[in-house]
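Participant: For reference, the sequence and a predicted model appear below.
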Amino acid sequence: MTAALLMGATAMAKNLKVLVMSTSPAVEKVEDGTKIKDGLRLTAGVKKVKADLTSQKIVVTYDADKTASKTILAVMKKMGYEAAVISEGQASGKHSVDGTSGASKQKQ
């Protein structure tokens, strides 16, 4: 019962958002994507990072109660990437990233 209460409290505490950005220089190699993923995963509140080489976009899911998009952009800058926000919004089960294009789309 205690575990169930803890899991419920954790789920309610999360204010998950999705940040989609492009970078300069562009993410063109697997090594670039890995560098960005590894760097952002060390940032408090970052839950998931996807580097899409095809679309050259970075998609970050983060807990807005623990970090902010400006912090994520600052981490990107420290790693040598200027990041431009393409979109930002609440994470939901209906939102996904197309694996081939990296474009955001709604599930039906």
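Facilitator: Received it, and whenever you're ready, just let me know what you need. The structure displayed is predicted, hence computed values, not measured ones.
Participant: what sits against the residue lying closest to K14 once chain neighbours are set aside?
Facilitator: Excluding its sequence neighbours, the residue lying closest to K14 (Cβ to Cβ, 6 or more residues apart in numbering) is D63, at 5.1 Å. Using the backbone N, CA and C atoms, a C-beta is placed for each residue, glycine as well. If a contact means Cβ atoms under 8 Å, 6 or more residues apart in numbering, then D63 has A13, K14, N15, L16, K17, G45, V46, K47 as its contacts.
Participant: With adjacent residues omitted, what lies nearest to S69?
Facilitator: S69's closest residue in space is L19 (Cβ to Cβ, 6+ apart), at 5.2 Å.
Participant: Helix or strand next in line after the host helix or strand of the one you found, which one?
Facilitator: For L19, the enclosing helix or strand under DSSP states H and E is strand 16-24. Sequence-wise, the next helix or strand beyond strand 16-24 is helix 30-41, with elements assigned using DSSP H and E.
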